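Novice: Here is my input, please return the structure:
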Amino acid sequence: VNRFSESKNLFDSSNVTRTQVLIIGAGLSGLEAARLLRENGVKTIVIEGRNRTGGRIFSLRSKNGHMVDLGGAWIHGINGSIPGGDLVNPIWEIARAAKIPTRSTPVDDLLAFYPANQKPSNVEEWFEDFVNYVREETKMAADDVSFEYYANIFANMRNFTEQERYAFYSILHTLIEGNEATELEKISAKNYMDITGLHYGEEHVFHETGFKAIIDYLTKDVKSG
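Specialist: Next up, the predicted model:
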């Protein structure tokens, strides 16, 4: 794009009429693209419609001092994107380069979906049994059906009570829907089991700084125009 003048820095768009590259959107992808271009000497302008950077990454600190991520939260694929592969999530590489503290989030940490009278160990066992059940069923199945289909069958097979059924579906919503960002009825069980992220390594969060620490790192050497 050659309609904008040379910019003094990444975001300084005052009195600008020419640039080599114009990036629309100051989300994670736009900021990383701009950083790489800038490192290679390419003059770049990023324009953003909101009054903040980060896109869907939005971290806030609560009144009691805890960091809460209202948008993106986890880093997936720290051990590679395929079994035995080396396609590590680039966000993980940025986090390590920036020395941003993270921690893993095992299933044991997720307690919000357990009813008061239900043992967490039982719910976790149901989830493991369900995943194994779906894995075996999809090996032989010719038709491609949803996770919801298998979840309903599994719940009926186990004769869950109303509270047990609630706990079971809650963990599915948390561990499957949450990761896939859509409903069980829209997730292909066969495809999910083929590309499951179980081998991708631990899933980390920015427990001290929030995901915004990545945004802060990408914009640390630039000014807003």
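
Novice: hey, let's count contacts and neighbours off CA atoms from now on
Specialist: Noted.

Novice: Identify the residues contacting the residue most central in space within the chain.
Specialist: Note on the chain: the residue nearest the mean C-alpha position is W74, at 4.6 Å, using CA atoms, centre = their mean. By CA atoms under 8 Å, 6 or more residues apart in numbering, the residues touching W74 are E203, H204, V205, F206.

Novice: Then R165?
Specialist: R165 makes contact with A155, according to CA under 8 Å, 6+ apart.

Novice: Just the residues contacting stretch 144-164, thanks.
Specialist: Taking CA under 8 Å, 6+ apart as the rule, stretch 144-164 contacts 115, 118, 130, 134, 165, 168-169, 184-190.

Novice: quick one: K220 from T209, how far?
Specialist: Using CA to CA, to the nearest Å, K220 is found at 15 Å from T209.

Novice: okay, the two: which has more neighbours?
Specialist: Just comparing K220 and T209: by other CA atoms under 10 Å the higher neighbour count belongs to T209, 19 against 9.

Novice: which residue packs closest to the more buried one, ignoring adjacent ones?
Specialist: Distance criterion CA to CA, 6 or more residues apart in numbering; nearest residue to T209, sequence neighbours excluded, is M67 at 6.5 Å.

Novice: what's the neighbour count on that neighbour?
Specialist: What M67 shows, counting by other CA under 10 Å, is a neighbour count of 17.

Novice: Then E137?
Specialist: By other CA under 10 Å, neighbour count at E137 equals 14.

Novice: Same question for T53.
Specialist: T53 is flanked by 22 other residues according to other CA under 10 Å.

Novice: Report the rounded mean pLDDT for the helix or strand where L31 lies.
Specialist: Under the criterion of DSSP states H and E, L31 resides in helix 28-39. Over the span of helix 28-39, the pLDDT mean works out to 92.
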